[in-house]
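> just need the structure, nothing else, for what follows:
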Amino acid sequence: LHVGPHKTGTTSLQFFMTSNRAWLKKEYDIDVAMRKAKDGAFIANWISNVVHHGSNPAFVSAPQFRFGIQRLSEALRSNASLAFLSAEDFVSFDAESWAYFFARLSEALPGGFQFCVRVVVGSRSPMDWLRSMWEERNKKSTSPTSFLQEMVAMRQADQSGESDQLLRSLNVLQSVFGSACLHPFSYEHLQERSHSVAVFVVCNVSRKLNATGWAACKKRIQAREKPP
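Numbers count the residues shown, from 1 in each chain. Okay, here's the model as predicted:
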C-alpha cells in the first residue's frame, strides 16, 4: 500500500505503475490493482466520507468503490506474489477508516484468506510540504488564503499533542500496522540520490533487492520512466 501523502512524487509513481502494469507483473511479480492512476482515490475518498460524514461522496459512486475493492481482491488472489495500490488520501486515514477498509476487503476475499501488508509513506521538509500544499489549494481559488493562515491551520495539535501533520499520520500508521510493516522515505533524499519513488517501491520495498540486483532494477525502472 502506498499511502502518499500529496506532494511526495505520488502522481508520478501512480502513472508509472499503471502505465507499466503488464511489465511489472511479468518482470517483478507485482499485480497493480489499478487501471488508471487515480483509481485508488475512489476507495480512499469513499471510505473517508462514509466513516466520518455518514454519506457517500458525490464524486465517487458505489459501483466505483466496489470495483476498486474487487480489483484489489483479484490482485491479491492472482498468481503474482505482490499486489500494489496507491492513494494519497490513505495517509489521512485513522484507525476506524483502516478497519472499514480491511472489513470491506475481507468481504471480497475467500474465507480465511491471509496476506501481509507493506506500507510505503513519504515525507518532505515540513516547510516545503506546507508551501506545496498551500500552492495546490490556492492555484484555482478565487479567494486564496495567506501562507500564514495555512501554517496556523495545519499546525494545530492533535489529542496526543503532536502538531506536525505528517508525524500524526505516521503515528496512526504505526499503531495500525506496526513499525515492521512501514517503509518510509524522504522525498528530498530520493531527489538528492536521483532515485524515483518508483525505484524505491519496486526495487527496495517490493523486491527487497540490494547490490547488483538493486542497481539493475533501478536502471530498468529509470529507462521506462523516460519519455519516448
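
> next helix or strand past the lowest-mean-pLDDT helix or strand in the chain?
Ranked by mean pLDDT, DSSP states H and E, the helix or strand of the chain with the weakest confidence is helix 147-154, at a mean of 65. Using DSSP states H and E, the helix or strand that follows helix 147-154 in sequence is helix 165-177.

> adjacent strands (with direction) for whichever helix or strand comes after that following helix?
Using DSSP H and E, the helix or strand that follows helix 165-177 in sequence is strand 182-186. If you go by DSSP bridges, strand 182-186 pairs up with strand 119-123 (parallel).

> mind listing residues that contact the partner strand?
Here strand 119-123 makes contact (CB atoms under 8 Å, 6 or more residues apart in numbering) with 1-5, 8-10, 91, 129, 166, 169-170, 173, 177, 181-187, 197, 200-201, 205. Using the backbone N, CA and C atoms, a C-beta is placed for each residue, glycine as well.

> please apply the same query to stretch 193-212.
If you take CB under 8 Å, 6+ apart as the criterion, stretch 193-212 is touched by 2, 8-10, 12-13, 16-17, 24, 28, 30, 82, 84, 118, 120, 122, 183, 185, 187, 190, 213-214, 217-218, 221-222, 225.

> just the ones of the residues you listed in helices?
When the contacts of stretch 193-212 are checked against helices (DSSP state H), the matches are 10, 12-13, 16-17, 24, 28, 187, 190, 213-214, 217-218, 221-222, 225.

> farthest-apart pair in those residues, please.
T10 and G213 (25.9 Å; CB to CB).

> of the two, who's got more company?
Under the criterion of other CB atoms under 10 Å, the comparison of T10 against G213 puts T10 first, with 23 against 12.

> now the more buried one: how far from S196?
12 Å (CB to CB, to the nearest Å).

> count of neighbours near G178?
Neighbours around G178, by other CB under 10 Å: 11.

> right, and A44 touches F90 too?
Yes. With contact defined as CB atoms under 8 Å, A44 reaches F90; the gap is 5.2 Å.
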